[in-house]
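K.L.:
One predicted model, sequence on top.
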Amino acid sequence: MGFFDRLKEGLSKTKNAIFKQVDNLFRSFIKVEEDMLEELEELLIMADVGVNSTELIIERLRERIKDDRITEPEECRVALQEILVGMIGDGEPLKLDTTPSVILVIGVNGVGKTTSIAKIANRLKSQGKNVVLAAADTFRAAAIDQLQVWADRVGVELIKHTEGSDPAAVVFDAVSAAKKRCADVLIVDTAGRLHNKKNLMDELAKINRVIERELPGASRETLLVLDATTGQNAVNQAKEFKNAADITGLVLTKLDGTAKGGIVFSIKEELDIPVKFIGVGEKTDDMQEFEAKDFVDALFEA
């Protein structure tokens with residue numbers, strides 16, 4: 001099964017709960033009417049697209065209807081899909097231009113942070129890159145152990161200290177190991193909590209200082225992992241993290257377990273941070289780079 005088919009399957013809950021109704025809505029009207037747009041607005045809000053984003057979509061759709069003189073519901077559906085794709089924008093691949101490059105991964109516990117790191121490592125390894133992981137979320141022993149299991153499964157090296165160690169010291173050792181092994185990418189698991197914004201900012205600042213000192217000029221990505229099943233709460237979480245860290249991209253997990261796939265539109269609109277990866281399953285290859293058109297097509301395609 002290709003990834004587009006897995007994407008369709010993974011988004012089936014969102015599609016069946018909401019976007020099938022959107023499809024049915026367009027089929028049930030003979031011509032474009034205000035009632036149709038009002039019903040569409042309700043359906044999009046139910047899909048966790050978010051109130052502000054939904055209002056913007058409907059506003060843009062009204063403009064398209066007027067400018068293009070759209071009267072057929074089917075033309076309106078095509079216009080809606082184009083608006084949704086445009087709203088998310090083009091996918092932005094990881095910028096990994098130096099050897100090594102560094103990916104910092106942040107996010108609260110339980111969102112799928114560790115498995116996301118493993119899946120990204122697996123993806124990079126399949127592209128022929130030499131990857132080293134750093135277990136800098138030293139707050140919980142379970143986080144270190146879990147990452148070790150995944151590192152073994154994927155076949156990459158993990159640099160770790162004991163629970164309670166200084167995360168910056170782990171990163172220092174990991175940078176040294178990455179240099180020694182001529183690694184292409186160092187992925188750092190960090191900040192598994194948001195209990196105190198100041199602590200988080202201090203911890204990340206310390207880690208960043210180590211990286212800047214030991215790897216000056218290295219390409220850097222800071223990816224925030226969010227659980228799609230939490231819907232609009234994920235947007236609020238992202239806002240908190242955005243205040244504490246310079247996030248370059250989002251990883252959206254568990255899209256296969258939710259009917260709230262519309263959160264993708266809300267996140268991009270409210271935060272202006274690109275979604276770089278989406279996860280639609282448990283397997284190591286069930287995470288792929290995000291493509292707006294594929295995502296929207298999977299929601300609408302029969």
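P.N.:
Ah, there it is.

K.L.:
Show me the strands in this structure, by range?
P.N.:
For the chain, the strands identified by DSSP state E occupy 101-106, 131-135, 157-159, 185-189, 220-227, 249-253, 275-279, 287-289, in order along the chain.

K.L.:
ok, how many other residues are close to the spatially closest residue to V49 that is not a sequence neighbour?
P.N.:
Nearest in space to V49, with sequence neighbours left out and distances taken as Cβ to Cβ, 6 or more residues apart in numbering, is G262 at 3.8 Å. Yep, even glycine has a C-beta here, placed from its N, CA and C like the rest. A count of nearby residues for G262, using other Cβ atoms under 10 Å, gives 28.

K.L.:
for V264, same thing?
P.N.:
Counted with other Cβ under 10 Å, residues neighbouring V264 total 29.

K.L.:
cool, and P216?
P.N.:
For P216, the tally of surrounding residues (other Cβ under 10 Å) stands at 8.

K.L.:
what about it, distance to V210?
P.N.:
As judged by Cβ to Cβ, to the nearest Å, P216 and V210 stand 12 Å apart.

K.L.:
what about the stretch 1-150 of the chain, any weak spots by pLDDT?
P.N.:
Along the stretch 1-150 of the chain, the model assigns pLDDT under 70 to residues 1, 3.

K.L.:
Helices along that one, start to end?
P.N.:
Remark: helices assigned in the stretch 1-150 of the chain by DSSP state H, counting those that start in this stretch are 3-10, 12-14, 20-28, 34-46, 51-67, 73-88, 113-126, 141-154.

K.L.:
would you turn those helices into CSV with distance to T162 and mean neighbour count?
P.N.:
Formatted as CSV, the helices of the stretch 1-150 of the chain follow (distance: least, Cβ to Cβ, whole Å; neighbours: other Cβ atoms under 10 Å):
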stretch, distance to T162, mean neighbour count
helix 3-10, 37, 18
helix 12-14, 40, 20
helix 20-28, 51, 16
helix 34-46, 47, 15
helix 51-67, 44, 15
helix 73-88, 42, 18
helix 113-126, 17, 23
helix 141-154, 8, 17
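
K.L.:
Turn those helices into a markdown table, including distance to G164.
P.N.:
Written out in a markdown table, the entries for the helices of the stretch 1-150 of the chain read as follows (distance: least, Cβ to Cβ, whole Å):
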| stretch | distance to G164 |
| --- | --- |
| helix 3-10 | 37 |
| helix 12-14 | 39 |
| helix 20-28 | 50 |
| helix 34-46 | 45 |
| helix 51-67 | 42 |
| helix 73-88 | 41 |
| helix 113-126 | 18 |
| helix 141-154 | 9 |
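
K.L.:
looking at the ones you listed, which is closest to P100?
P.N.:
Evaluated over the helices of the stretch 1-150 of the chain, closeness to P100 peaks at helix 113-126, with 11.2 Å, by Cβ to Cβ.

K.L.:
Output that closest one as PDB, nothing but the C-alphas.
P.N.:
Output of helix 113-126 as PDB, limited to C-alpha atoms (Å, rounded to 0.1, in the frame of the first residue of the first chain):
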ATOM      1  CA  LYS A 113       7.400  12.200  20.800                       C
ATOM      2  CA  THR A 114       9.600   9.200  21.200                       C
ATOM      3  CA  THR A 115       8.000   7.200  18.400                       C
ATOM      4  CA  SER A 116       8.100  10.300  16.100                       C
ATOM      5  CA  ILE A 117      11.900  10.600  16.700                       C
ATOM      6  CA  ALA A 118      12.300   6.900  15.800                       C
ATOM      7  CA  LYS A 119      10.200   7.300  12.700                       C
ATOM      8  CA  ILE A 120      12.100  10.400  11.500                       C
ATOM      9  CA  ALA A 121      15.400   8.600  12.200                       C
ATOM     10  CA  ASN A 122      14.200   5.600  10.300                       C
ATOM     11  CA  ARG A 123      13.100   7.900   7.400                       C
ATOM     12  CA  LEU A 124      16.500   9.700   7.300                       C
ATOM     13  CA  LYS A 125      18.400   6.400   7.600                       C
ATOM     14  CA  SER A 126      16.400   5.000   4.600                       C
END
